[in-house]
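A.B. asks: prediction below, plus the sequence it came from.
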Amino acid sequence: MNRTDQSGPLPSSTIEEALERIVHDWKPCSALLLGPTALARWAQLELDGKPQVVIVPELSRGTLPPDTGRFDLVFVRGLMERHDRETGGRLLGALRDLHAGILLVEICQERGEDSDDWALSEMLAYGFRRMVTLAEPTGDVALYRFSLFDYKQTPDWLNPDSWAHPHRWKP
């Protein structure tokens with residue numbers, strides 16, 4: 001996988017445009033499509049290169065088979081809404097830590113007071129960044145991204161110039 005994106009929110013108007021941009025910028029060699037509607041979204045994309053794709057439409061007990069390997073890109077759609085927080089959290093953690101260089105999760109958040117949807121704060125707690133949010137008649141659709149390559153930004157103060165003061169040390 002080639003890493004060319006220096007990431008931030010994507011200037012996209014649709015989920016498809018955001019996905020196309022990510023796939024174009026990162027150029028994954030392998031992809032895992034996870035969830036009953038992931039293939040439908042993936043098929044809408046106009047991609048330059050075609051990564052090797054593995055499709056898993058459903059999961060038993062919210063876990064991947066033990067022989068599932070690592071993929072350059074994992075795209076999850078239509079799956080998180082089906083699981084409770086504990087099961088969904090374990091799935092996100094396993095995908096993020098074991099199976100994906102880049103993890104993309106599309107979540108449909110229904111409107112209503114009794115909605116038990118994944119909130120932005122929960123996705124941020126797992127290290128995701130919100131890339132796109134679109135208002136649909138049934139609710140908001142959001143695309144979140146976690147990248148192993150840039151999930152942790154180095155703060156400005158974490159360098160020797162700010163804390164070591166080498167000019168104060170005498171030989």
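C.D. replies: Received the coordinates, thanks.

A.B. asks: pLDDT at residue 24, what is it?
C.D. replies: What the model reports for residue 24 is a pLDDT of 88.

A.B. asks: ditto for residue 30
C.D. replies: Turning to residue 30, the model gives it a pLDDT of 93.

A.B. asks: that one and residue 74, how far apart?
C.D. replies: In this view, residue 30 and residue 74 are 9 Å apart by Cβ to Cβ, to the nearest Å. Heads up, the C-betas are built off the backbone N, CA and C, glycines and all.

A.B. asks: equivalent analysis for residue 103, please.
C.D. replies: Here residue 103 is placed at a distance of 5 Å from residue 74 (Cβ to Cβ).

A.B. asks: neighbour count winner among residue 30 and residue 74?
C.D. replies: Between residue 30 and residue 74, counted using other Cβ atoms under 10 Å, the more crowded position is residue 74 (27 against 16).

A.B. asks: please report phi then psi for that one.
C.D. replies: Backbone torsions of residue 74, given as degrees, to the nearest 10, read phi -120, psi 130.

A.B. asks: give me the number of residues near the residue nearest to it when sequence neighbours are not counted?
C.D. replies: In this structure, residue 74 finds its nearest non-sequential neighbour in residue 100, 3.8 Å apart by Cβ to Cβ, 6 or more residues apart in numbering. When counting by other Cβ under 10 Å, one arrives at 24 neighbours for residue 100.

A.B. asks: residues touching residue 100, list them.
C.D. replies: Contacts for residue 100 were tallied using Cβ atoms under 8 Å, 6 or more residues apart in numbering; they are 32, 70, 71, 72, 73, 74, 146, 148.

A.B. asks: could you find the closest non-adjacent residue to the last one?
C.D. replies: In other words, residue 148. The shortest distance from residue 148 to any residue that is not its chain neighbour, by Cβ to Cβ, 6+ apart, is 5.1 Å, and that residue is residue 101.

A.B. asks: ok, now which ones touch the one you found?
C.D. replies: When contacts are counted by Cβ under 8 Å, 6+ apart, residue 101 is found next to 1, 26, 28, 70, 71, 72, 73, 147, 148, 149.

A.B. asks: contacting residues for the third one?
C.D. replies: Contact criterion Cβ under 8 Å, 6+ apart gives 1, 51, 71, 72, 73, 101, 102 as the residues in contact with residue 28.

A.B. asks: re the thing from before, from the contacts of residue 101, which land in strands?
C.D. replies: Counting by DSSP state E, the members of these that fall within strands are 71, 72, 73, 147.

A.B. asks: which of those lies closest to residue 22?
C.D. replies: Checking the ones in strands among the contacts of residue 101 against residue 22 by Cβ to Cβ gives residue 73 as the nearest, at 7.8 Å.
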